[in-house]
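> show me how the following folds:
(chains A, B, C and D)
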Number of protein chains: 2
Amino acid sequence: MRARNNALSSNRSAGDHTPIYFKLQMKIRTQIESGKLEPGEAILPEKKLAEIHGVSLGTVRTAILNLVSEGYLYREQGKGTFVSGNKIRRENLKYYRYLSDFGGEEVELAIHLLSLQTIPCSEYIRQHLNSKPEENIYELKRYFTVNKKPGIYCVSYLPCELFKGLDEFPSSRFERVTLYNAIEESYGIPTIFNRELISVEQLEGDVAKILRVSPGTPALRMEMMSYTYKEKPYEYRISLCLTDTKKIYREF
Amino acid sequence: MRARNNALSSNRSAGDHTPIYFKLQMKIRTQIESGKLEPGEAILPEKKLAEIHGVSLGTVRTAILNLVSEGYLYREQGKGTFVSGNKIRRENLKYYRYLSDFGGEEVELAIHLLSLQTIPCSEYIRQHLNSKPEENIYELKRYFTVNKKPGIYCVSYLPCELFKGLDEFPSSRFERVTLYNAIEESYGIPTIFNRELISVEQLEGDVAKILRVSPGTPALRMEMMSYTYKEKPYEYRISLCLTDTKKIYREF
DNA sequence: GCTCATTTGTTCGTATGTATC
DNA sequence: TGATACATACGAACAAATGAG
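All right, here's what the predicted structure looks like:
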């Protein structure tokens, strides 16, 4: 005999018309978001979930398949169903690239660390990151070389509470992998969506020096907010890009 | 007795391990792409499809649900399953907007037609639109005012064969609706995906005059390719945007 | 290399609920 | 009110991939 009238299938008669598969879906999603289920970890097999919750295999399947299409899970036949990290999600998400034209050649991008420090952040940045006044912020400055020549200057703001110990990483780490990979590997924070503002800015002072152009050179300015579960912002980034030879490419 | 061993379920024994739902999915997709099924039109109900193809309801359901998540179809309970036009697809797709900051106020955008003519197009544009030398191209020039002030200059290239009679539209039409809406309403061409290149350009000549800035003013240059079914390009567009007060906003 | 248990993938069938016209 | 169509849920069977022994 299987268990009936449990948390998922109860209340159906009492006017609760939420589908069972949806309740299960949300239950698993919450476990992932709370960190109870970690990226890479296998969830219970369909059969077990069906037994435990006292529902049919098909219902479990619907819940899981929905979470797969939302990017929370991925499945491998014969192996199991696993919690997605960024790597999986990112297959759907379109990266930026740096090209000279549609279908142009790929360039060699290299990352260079300029500085990483904890700062008492401004009200403006605090508002963007939705953080409290007493919370500190990491300020990460980097620049990217494009075919050995400086092309992008980039400042990221990250809440300290989300990225504890980020400043203890060896600096080489920031130059070997993208920030997204570092964030995924070390903190398991997946990117759900981004918002961006694009404009044109004339470079001045240090930025112009680092990118080796004369002051007043116009550049592409991209402000980007990255959000994880529950619309929580985890990064505010400002990138300044030279686009005289290469352009920013994206698909969507 | 239902029909068995038909086009979909045959060949299973002969080493064809393509799932039945996938064959049906492709069959419907082809009908949409070929125009046999038009946007807005209802497809046959699940039950009929199951009968006709001699498969179970669940199999039909899988095929349809996949096409829904791919954007080809949308469903309405109690009404039916319909072929998507742009409007439906676009609910998922993120539009560009023009804002002063994240969460800033919406602006008033107005479209103004500058010219629409058939041109013997250059090799460069022909390559982008994947068109043959003998095919003509429409060149559509417009500019957008942002809160009454000129902000965006925009040139679109569209293959004449895809948009027959575009030049016979009243010019007011191009000023009332977006190009996407006009294209959808009149030609039923859905946008599957876009590619873009972003860079910075200094405005000169006519463009500077139309946007009422002095020559040499830096502006955002966005080149965009729009593709419909089977990766067929249907528009190549170059937009030049002033971003001194407002910025280009997008979610993804 | 083979067998076997496990797990997901596909397909079938059926029943009932809910929305639309 | 009834007919139609999609939505949810159940159960069952077999196929295909994986990994352990």
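> near DNA strand D, which residues of chain A?
Contact residues, chain A versus DNA strand D (CB under 7 Å from any atom of the strand): A:2, A:9, A:19-22, A:54-59, A:62, A:76-79. Just so you know, the C-beta spots here come from the backbone N, C-alpha and C atoms, and that holds for glycine as well.
> one more time with 10 Å
Taking CB under 10 Å from any atom of the strand as the criterion, chain A approaches DNA strand D at residues A:2, A:4, A:8-9, A:12, A:16-25, A:46, A:50, A:53-63, A:66, A:76-80.
> weed out the non-buried ones from the residues you listed.
Buried members of those, counted by 16 or more other CB atoms under 10 Å in any protein chain shown: A:8-9, A:20-21, A:23-25, A:46, A:50, A:53-55, A:59-60, A:62-63, A:66.
> ok, A:P120 touching A:N136?
Yes: contact status for A:P120 versus A:N136: in contact at 6.6 Å, counting by CB atoms under 8 Å.
> higher neighbour count, those two?
Taking other CB atoms under 10 Å in any protein chain shown, A:P120 and A:N136 do not tie; A:N136 has more neighbours (14 against 10).
> and that one, how far is that from B:E223?
Going from A:N136 to B:E223 by CB to CB, to the nearest Å gives 41 Å.
> same thing with A:L116?
35 Å.
> for burial, what's the neighbour tally of A:I43?
The number of residues packed near A:I43 is 20, by other CB under 10 Å.
> any idea how far chain B is from it?
Distance, A:I43 to chain B, by CB to the nearest CB, to the nearest Å: 21 Å.
> name the residues linked to A:H112 by a beta bridge.
Beta-bridge pairing for A:H112 (DSSP bridges): A:Y143.
> swap in A:V200?
The partner list for A:V200 in beta bridges (DSSP bridges) reads A:L220.
> could you look up the SS state of A:I125?
helix (DSSP: H, G, I helix; E, B strand; the rest coil).
> which positions in chain A make contact with DNA strand C?
So chain A meets DNA strand C at A:12-13, A:15-17, A:19, A:42-50, A:56-58, A:60-61, A:64-65, A:68, A:73-82 (CB under 10 Å from any atom of the strand).
> leaving out the residues flanking it, which one is nearest to the closest residue to DNA strand C within chain A?
In chain A, the residue that lies nearest DNA strand C is A:P45 (3.3 Å; CB to the nearest atom of the strand). Once flanking residues are discounted, A:P45 sits nearest to A:G80: 6.3 Å by CB to CB, 6 or more residues apart in numbering or on different chains.
> in contact with that neighbour, which residues are there?
A:G80 makes contacts with A:42-43, A:45, as judged by CB atoms under 8 Å, 6 or more residues apart in numbering or on different chains.
> cool, and A:F144?
A:109-112, A:150-152, A:154.
> where's the closest residue to it other than its chain neighbours relative to DNA strand D, distance?
Spatial nearest neighbour of A:F144, excluding adjacent residues (CB to CB, 6+ apart): A:I152 at 4.0 Å. A:I152 is 39 Å from DNA strand D, where distance means CB to the nearest atom of the strand, to the nearest Å.
> the strands in chain A, which residues?
A:73-76, A:80-83, A:97-99, A:109-119, A:137-146, A:149-159, A:193-202, A:218-228, A:232-241, A:247-251 (DSSP state E).
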